[in-house]
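**Q** Sequence and predicted structure below; questions after.
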Amino acid sequence: MRGALRSIFDAAVASADPRRVLAAHLPERPVAGRVVVVGAGKSAALMASALEEAWPDVAREGLVVTRYGHTVATRHIEVVEAAHPVPDANSERAADRMLAAVSGLGPDDLVIALISGGGSALLEKPAEGLSLADMQAVNESLLVSGATIREMNAVRKHLSAIKGGRLALAARPAHVLTLAISDIPGDDPTMIASGPTLADASTLDDVRAIVARYSLRLPSAVAAFLQRAPETPKPGHIIEDVGLIATPAAALQAAAARAHELGFAPLVLGELEGESRDLGIVMAGIARSVRTHDAPLTPPGVLISGGETVVTLGNGPVGRGGRNMEFLLSLALALDGAPGIWAIAGDTDGRDGSEDAAGAVITPDTLQRAREAGLDPRAVLNQHDSYTIFDTLGDLVVTGPTLTNVNALRAVLIV
């Protein structure tokens with residue numbers, strides 16, 4: 001069962017490999033003008049390499065920024081590294097260099113923007129009057145707030161001099177083609193990496209409401225800026241040309257196809273959001289129904305879902321773990337040792353939050369083995385320390401950086 005779950009997870013990851021999917025989304029090779037490549041995200045370096053393989057005879061220049069440890073060798077496109085999930089000085093330097101790379105272009109020039117998840121932190125230029133330290137504080141506050149990715153990116157866009165379409169404005173009058181790997185439920189391309197080349201539909205009023213809703217702690221400079229900030233470029237202000245080369249939905253279908261090959265009836269539940277531990281309880285109820293009542297599918301079957309859940313930390317003690325591990329521990333507790341149910345959950349980028357594992361696996365005896373190891377699963381969950389249990393049990397899923405990112409993959413196997 002562990003092998004089947006890992007095979008299903010790997011199929012989802014493989015479906016989003018830029019080396020497989022990017023070339024089909026490229027336009028006709030340009031015959032005039034410059035080709036400038038820019039990009040940001042956990043997959044940016046591999047996307048740049050895939051572009052060079054697809055267009056070996058086209059002169060190109062530019063740079064992309066990716067997470068530390070996610071570099072891939074390229075011939076002409078420079079790759080730089082920066083921090084994630086909180087930006088660092090390299091994030092700001094990359095933004096400055098990218099804005100300079102697209103300035104002074106003409107109407108015959110082509111800018112190809114390679115965008116993937118993680119770019120919001122990796123590419124950062126604070127708006128005038130704000131500092132990198134301000135942006136770091138905002139990101140840290142957002143990450144523990146429980147805000148959705150859409151809400152977080154709305155805030156980031158309005159505080160940035162490069163996000164929310166501003167990189168595209170800097171490239172005018174060149175044609176800008178955005179090729180993106182989506183890590184956003186619903187595949188809104190304007191939200192991937194906070195949409196540096198695409199118009200922004202969110203407003204300052206939205207941002208102020210988000211700040212109030214989550215009681216975000218903002219530096220005084222940021223709070224003052226939001227009272228006078230200019231709006232981001234809106235739809236109609238930017239000529240947009242965008243292609244999604246890989247999506248969470250496609251990854252779920254690839255996982256379902258692999259499950260079918262293995263002899264399991266797949267049921268794709270779609271891209272789910274909400275609190276990780278709450279989703280664990282819900283999924284346990286569905287899995288029990290499958291095993292007891294053959295509904296909504298007949299075993300052997302597998303429930304497949306994606307999307308990005310959240311973990312609200314609160315003010316108590318905080319250990320190690322990401323949203324997928326928290327989901328799994330909650331699922332195990334809700335199942336309470338129910339027989340015939342296994343599950344895997346992991347982030348397709350290879351890292352669950354800031355941890356060194358993509359996620360983990362649970363088995364019918366996860367709770368028993370944890371207690372025999374001297375751990376209290378309920379207390380561990382309340383301390384947001386799920387990594388400790390799965391590390392102790394040897395149930396972590398460790399892939400290393402996958403160099404793609406179509407969000408989480410969860411598979412619950414019922415026999």
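**A** In hand now; what should we look at?
**Q** can you pull out the strands in this protein?
**A** Listed in chain order, the strands of the chain (DSSP state E) span 35-40, 61-67, 78-82, 110-115, 175-181, 242-246, 265-271, 301-306, 341-347, 359-362, 396-397, 408-414.
**Q** any residues touching the fifth one, and which ones?
**A** It stands for strand 175-181. By C-beta atoms under 8 Å, 6 or more residues apart in numbering, the list of residues contacting strand 175-181 from outside reads 16, 18, 22, 25-27, 41, 43, 47, 107, 109-117, 168, 189, 192-193, 197-198, 239-247, 404-406. For the C-beta atoms, the positions are set from N, CA and C on the backbone; glycine is no exception.
**Q** Could I have the PyMOL command that selects the buried members from those?
**A** Only the buried entries of the contacts of strand 175-181 go into this PyMOL selection, using 16 or more other C-beta atoms under 10 Å:
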select buried, resi 16+18+22+25+26+41+43+47+109+110+111+112+113+114+115+116+117+168+189+192+193+197+198+240+241+242+244+245+246+247+404+405+406
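**Q** Please narrow the contacts of strand 175-181 to those residing in helices.
**A** Applying DSSP state H to these, the entries found in helices are 18, 47, 168.
**Q** who's in contact with the second one?
**A** To tie it back to what came earlier, the one meant is Met47. Here Met47 is in contact with 18, 22, 39, 41, 64, 114, 116, 179, 181 (criterion: C-beta under 8 Å, 6+ apart).
**Q** 10 Å instead, please
**A** By C-beta atoms under 10 Å, 6 or more residues apart in numbering, the contact set of Met47 is 18-19, 21-22, 37, 39, 41, 64, 66, 72, 77, 112-116, 179-181, 245-246, 403-404.
**Q** Scan the chain for its longest helix.
**A** Using DSSP H, we find that the single longest helix of the chain is helix 276-293.
**Q** I'd like to know which elements it is packed against.
**A** Judged by 3 or more C-beta pairs under 10 Å, 6 or more residues apart in numbering; DSSP states H and E, the packing partners of helix 276-293 are strand 265-271, strand 301-306, helix 323-335, strand 341-347, helix 377-382, strand 408-414.
**Q** what separates it from the chain centre, distance-wise?
**A** Chain-centre distance of helix 276-293: 25 Å, with C-alpha atoms, centre = their mean, to the nearest Å.
**Q** I'd like to know how many residues surround the closest residue to Leu303 other than its chain neighbours.
**A** For Leu303, ignoring the flanking residues on the chain, the nearest one in space by C-beta to C-beta, 6 or more residues apart in numbering is Val412 at 4.2 Å. By the measure other C-beta atoms under 10 Å, the count of residues near Val412 is 26.
**Q** Relative to Ile344, how far out is Val412?
**A** Computed as C-beta to C-beta, to the nearest Å, the Val412 to Ile344 distance reads 8 Å.
**Q** shared neighbours, these two?
**A** In terms of C-beta under 10 Å, 6+ apart, Val412 and Ile344 are both contacted by the residues 5, 302, 328, 362.
**Q** so what's the second one up against?
**A** Listed by C-beta under 10 Å, 6+ apart, the contact partners of Val302 are 4-5, 8, 255-256, 258-260, 262, 264-268, 287, 290, 342-344, 411-415.
**Q** Please pick the buried ones from those.
**A** Buried members of the contacts of Val302, counted by 16+ other C-beta under 10 Å: 4-5, 8, 255-256, 258-259, 262, 264, 266-268, 287, 290, 342-344, 411-414.
**Q** one step back: can you list the helices and strands packed on helix 276-293 in CSV and add distance to Glu81 and mean pLDDT?
**A** Compiled in CSV, the helices and strands packed on helix 276-293 are given as follows (distance: least, C-beta to C-beta, whole Å; pLDDT from 0 to 100):
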stretch, distance to Glu81, mean pLDDT
strand 265-271, 29, 97
strand 301-306, 27, 98
helix 323-335, 24, 98
strand 341-347, 19, 98
helix 377-382, 33, 96
strand 408-414, 24, 98
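**Q** Lys125 is nearest to which of those?
**A** strand 341-347 (26.7 Å; C-beta to C-beta).
**Q** what angle separates that closest one from helix 276-293?
**A** Orientation of strand 341-347 against helix 276-293 (axes from the mean of the first three to the mean of the last three C-alpha atoms, to 10 degrees) gives an angle of 150 degrees.
**Q** and strand 341-347, how far out from the chain's middle?
**A** 18 Å.
**Q** quick one: strands adjacent to it?
**A** strand 359-362 (antiparallel), strand 408-414 (antiparallel) (DSSP bridges).
**Q** so where is the stretch 151-300 of the chain shaky, pLDDT-wise?
**A** Along the stretch 151-300 of the chain, no part satisfies pLDDT under 70.
**Q** make it 90
**A** By pLDDT under 90, the weakly predicted segments of the stretch 151-300 of the chain are 184-186.
**Q** For the closest residue to Ala265 other than its chain neighbours, which residues are in contact?
**A** Spatial nearest neighbour of Ala265, chain neighbours left out: Gly301 (4.0 Å); criterion: C-beta to C-beta, 6+ apart. For Gly301, the contact set (C-beta under 10 Å, 6+ apart) comprises 259, 264-267, 287, 290-291, 294, 412-415.
**Q** Try it again at 6 Å.
**A** With C-beta atoms under 6 Å, 6 or more residues apart in numbering as the criterion, the residues that contact Gly301 are 264-265, 414.
**Q** what about the spatially closest residue to Ser131 that is not a sequence neighbour, how many neighbours?
**A** Excluding its sequence neighbours, the residue lying closest to Ser131 (C-beta to C-beta, 6+ apart) is Ala221, at 7.1 Å. If you count neighbours by other C-beta under 10 Å, Ala221 ends up with 15.
**Q** Sounds good, over and out.
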